[in-house]
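Asks: Output the structure for:
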Amino acid sequence: MIKYLGSKRLLIPRLLKKIDEIGGLTTAADLFSGTSRVGHALKNHGIRCVANDHNVYAHTLARCYVEADADRVRGEATKLLSELMLAPEVDGWFTENYCRQSRFFKPENGRKIEGIRTKIQALELDPALEAISLVSLMEAADRVDSTTGVQMAYLKSWAPRAHNPLELRLPSILPGPGRAMNLDVLDAAREIEADLVYLDPPYNQHSYLGNYHVWETLVRWDAPEIYGVACKRVDCRDPARKSAFNSKRKIEATMRELVATVRARHLIVSFNNEGFLGRELLESMLGARGTVSCDVVDYKRYVGAKIGVYNPSGEKVGVPTHFRNREFLFHVAVDR
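Replies: Got it, this is the predicted structure:
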């Protein structure tokens, strides 16, 4: 899966252990699905999952890792990826902006990415095959990018992996049913009912759209108006696309509304100690729905933190104050 800020790779064993301790869970919903790492793990654990995210690239990841049924599409998908590797290169908008105006990929890989994406667009694929091919391309591009793992900026010198040739691989799709949704989180909470709802909201000012704007453009394929040295999509500035969870002023009221709205027997919430909401406030908020317990997980901060603090112009303006974080994993046995 792609490199991702806030990835729950290290938290998944604890999450699955908690689910086993609860027992009797057959359905779950992840309302901030991101890379769908959690939804994929839940599906692999035998739980029927719904994955929701408002960003289109994340919805595509959910269509691949949660909704697609490997028993139905694996053979076709394998053949399709082999054919896509033969797509002619294209040197157009994507290569110009993400390989020359900015330096996320070397031009030889940019041309390959652009050629494959152009071919996907032309094929008008079945939705599952389209999602698998787009995720395969996203992950192939991620393996040859030249960033610290976020797309706020790119490295001044090419990362060693950027010199590798682009290669499509079949994503780790799973057999069985699932569902992917592309809704605002409050709308999803009103629509979905499950044994378990998992919430992993943004917790501070850092926007996932801003951090992964290249993936949004790669999936939308809309050649948007861009700005800045990182060639960000102009809709990163659009208030309509900004999450209330990225606002210190709005997050508490929105989180309260979300917690009150979810329909489940159990609620698990992941939150970071660097977030706008503190542990005691979250415990009080969650306690309005039932009995709350909390596990605390200590882990290294994201690799980008080691590099320094930069302003929007890419100038270093400070150094990190710490290199470890704590993740709070709350469980609510819902009784009201």
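
Asks: Now name the helix or strand holding the nearest residue to F94 once chain neighbours are set aside.
Replies: In this structure, F94 finds its nearest non-sequential neighbour in E114, 4.3 Å apart by C-beta to C-beta, 6 or more residues apart in numbering. Quick note: C-beta positions are derived from backbone N, CA and C, even for glycine. Using DSSP states H and E, E114 maps to helix 107-123.

Asks: Compute the number of surrounding residues for L10.
Replies: 11 (other C-beta atoms under 10 Å).

Asks: pLDDT score assigned to it?
Replies: For L10, the model assigns a pLDDT of 83.

Asks: correct me, but it touches V297?
Replies: Yes: using C-beta atoms under 8 Å, L10 makes contact with V297 at a distance of 7.5 Å.

Asks: Same question for the helix or strand E280 falls within: list its buried residues.
Replies: For E280, the element it lies in under DSSP H and E is helix 279-287. By neighbour count on 16 or more other C-beta atoms under 10 Å, the buried set for helix 279-287 is 282, 285-286.

Asks: and which of the residues you listed is nearest V262?
Replies: Of all those, V262 sits closest to L286, with 10.6 Å by C-beta to C-beta.

Asks: can you tell me how far the closest one sits from L16?
Replies: Separation of L286 from L16 (C-beta to C-beta, to the nearest Å): 21 Å.

Asks: next one: D238
Replies: For D238, the distance to L16 - C-beta to C-beta - is 37 Å.

Asks: When these two are compared, which one has more neighbours?
Replies: Legend: neighbour count by other C-beta under 10 Å for D238 and L16, higher for L16 (16 against 10).

Asks: what's next to the helix holding E280, contact-wise?
Replies: Under the criterion C-beta atoms under 8 Å, 6 or more residues apart in numbering, residues 252, 255-256, 259, 267, 269, 271, 273, 277, 292, 294, 328, 330, 332 lie in contact with helix 279-287.

Asks: Among those, which lie within strands?
Replies: Using DSSP state E, the members of the contacts of helix 279-287 that fall within strands are 267, 269, 271, 292, 294, 328, 330, 332.

Asks: gap between the closest residue in space to K250 that isn't next to it in sequence and E257?
Replies: Excluding the flanking residues, the one nearest K250 by C-beta to C-beta, 6+ apart is A244, at 4.0 Å. Plainly put, A244 is 9 Å away from E257 if you go by C-beta to C-beta.

Asks: quick one: which of these two has more around it?
Replies: A244 (19 against 13).

Asks: so who does the more buried one touch?
Replies: 250-251, 253-254.

Asks: where do the helices sit along the stretch 201-336 of the chain?
Replies: 208-211, 213-220, 251-261, 279-287 (DSSP state H, counting those that start in this stretch).

Asks: Columns mean pLDDT and distance to L183 on top of those helices, output as CSV?
Replies: Below are these laid out as CSV (pLDDT from 0 to 100; distance: least, C-beta to C-beta, whole Å):
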stretch, mean pLDDT, distance to L183
helix 208-211, 96, 15
helix 213-220, 98, 17
helix 251-261, 98, 12
helix 279-287, 97, 22
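
Asks: Looking at those helices, which is nearest to R190?
Replies: helix 251-261 (6.0 Å).

Asks: Who are the contact partners of the nearest residue to H266 once chain neighbours are set aside?
Replies: Excluding the flanking residues, the one nearest H266 by C-beta to C-beta, 6+ apart is L196, at 4.7 Å. Counting by C-beta under 8 Å, 6+ apart, L196 touches 19, 22, 25, 27-29, 47, 264-268.

Asks: pLDDT weak spots in the stretch 51-200 of the chain?
Replies: Judged against pLDDT under 70, the stretch 51-200 of the chain has no low-scoring part.

Asks: which stretches of it form strands?
Replies: 179-181, 193-199 (DSSP state E, counting those that start in this stretch).

Asks: can you pull the buried residues of the first one?
Replies: Using 16+ other C-beta under 10 Å as the burial criterion, the residues of strand 179-181 that qualify are 179-181.

Asks: go on, stretch 14-30?
Replies: 15-16, 18-19, 25, 27-30.

Asks: which one of those sits closest to H206?
Replies: D30 (19.7 Å).

Asks: Quick check: that closest one touching V38?
Replies: Yes: contact criterion C-beta under 8 Å: D30 and V38 qualify, at 5.1 Å.

Asks: Tell me the confidence at the nearest residue to F330 once chain neighbours are set aside?
Replies: Leaving aside its chain neighbours, F330 sits nearest to V269 (4.4 Å; criterion: C-beta to C-beta, 6+ apart). At V269, the model reports a pLDDT of 97.

Asks: What spatial separation is found between V269 and L199?
Replies: 5 Å.

Asks: Now for these two: what residues contact both?
Replies: V259.

Asks: hang on, the residue nearest to F330 packs against V332?
Replies: Yes: using C-beta under 8 Å, V269 makes contact with V332 at a distance of 7.4 Å.

Asks: picking up where we left off before, of the ones in strands among the contacts of helix 279-287, keep whichever come out buried.
Replies: 267, 269, 271, 292, 328, 330, 332.

Asks: Now do the contacts for the residue lying closest to the fifth one once chain neighbours are set aside.
Replies: In this case it means F328. Leaving out its chain neighbours, the residue that sits closest to F328 by C-beta to C-beta, 6+ apart is F271, at 4.9 Å. Counting by C-beta under 8 Å, 6+ apart, F271 touches 201, 203, 277, 279, 282, 327-328, 330.

Asks: I am finished for the moment; much appreciated.
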